[in-house]
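>>> heads up, no residue letters with this:
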């Protein structure tokens, strides 16, 4: 099974379509593009509405040193899916021909957008450490339009134990700004929690 299949990008796109989020102002942001399989799906969908996808990643497996319950780091898991070419080389090949993808090869902690850049949908699946999850949310939420949504992958996923408490803390802190929470099941035990902004 490819990594993007665990995410269930089709379910995310169905959520966007059901809510007609693509008709809102702004673009899509994906923090944690990995090898680009999900980026391609989001970009093909976004292109139909003249929208862009901002894909944010260092494309360096060693950056995510999150230790899972089994003692394996996230970087080791990422490397297990790579065979030969680098993560960035695979990503570049995947997105070839998609002119609506804006690739930002940067640590998300150094990410900043001008005030006028808006997003109608954000997907967070970058570094699984709590500080990163909280940072990535802040980056997206600041630019997210009213009625837009941000999703956190690996919610209630025991392999990355810092994600769920980070997301639960965010939900508690931003309750007044959140119109709705929706949990979408992916493959296996992996879920995405979506927060819809008031």
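Perfect, I can see it now. Keep in mind the model is a prediction, meaning the values are calculated, not measured. Numbering: from 1, shown residues only.
>>> give me the low-pLDDT residue ranges for this structure?
Residue ranges of the chain with pLDDT under 70: 1-7.
>>> Longest strand in this protein, by number of residues?
strand 144-155 (DSSP state E).
>>> and that strand, which strands flank it?
Partners of strand 144-155 in the sheet, by DSSP bridges, are strand 119-124 (parallel), strand 191-197 (antiparallel).
>>> now those strands as a markdown table including mean neighbour count?
C-beta here means a position set from N, CA and C on the backbone, and glycine is covered the same way. Shown next, in a markdown table, are those (neighbours: other CB atoms under 10 Å):
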| stretch | mean neighbour count |
| --- | --- |
| strand 119-124 | 28 |
| strand 191-197 | 21 |
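>>> any chance of the ones you listed in CSV, plus distance to residue 13?
Formatted as CSV, the strands paired with strand 144-155 follow (distance: least, CB to CB, whole Å):
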stretch, distance to residue 13
strand 119-124, 9
strand 191-197, 12
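>>> residue ranges for the strands of the chain, please.
27-31, 53-56, 101-104, 119-124, 144-155, 178-185, 191-197.
>>> Give me whichever of those strands is most buried.
Stretch with highest mean neighbour count among the strands of the chain: strand 119-124 (a mean of 28; mean count of other CB atoms under 10 Å).
>>> mind listing the helices in this structure by residue range?
3-7, 9-19, 37-47, 74-81, 87-95, 130-143, 163-173 (DSSP state H).
>>> now for those, which one comes closest to residue 109?
Closest to residue 109 of these, according to CB to CB: helix 130-143, at 5.4 Å.
>>> which other helices and strands contact that closest one?
strand 27-31, strand 119-124, strand 144-155, helix 163-173 (3 or more CB pairs under 8 Å, 6 or more residues apart in numbering; DSSP states H and E).
>>> cutoff 6 Å now
For helix 130-143, the packing partners by 3 or more CB pairs under 6 Å, 6 or more residues apart in numbering; DSSP states H and E come out as strand 119-124, helix 163-173.
>>> So for residue 77, which of those sits nearest?
With respect to residue 77, and counting by CB to CB, the nearest of the helices and strands packed on helix 130-143 is helix 163-173 at 13.9 Å.
>>> Next, the angle from that closest one to strand 191-197.
20 degrees (axes from the mean of the first three to the mean of the last three CA atoms, to 10 degrees).
>>> contact partners of helix 163-173?
Contacts to helix 163-173, defined as CB atoms under 6 Å, 6 or more residues apart in numbering, come from residues 128, 130, 133, 134, 137, 152, 154, 155, 156, 193.
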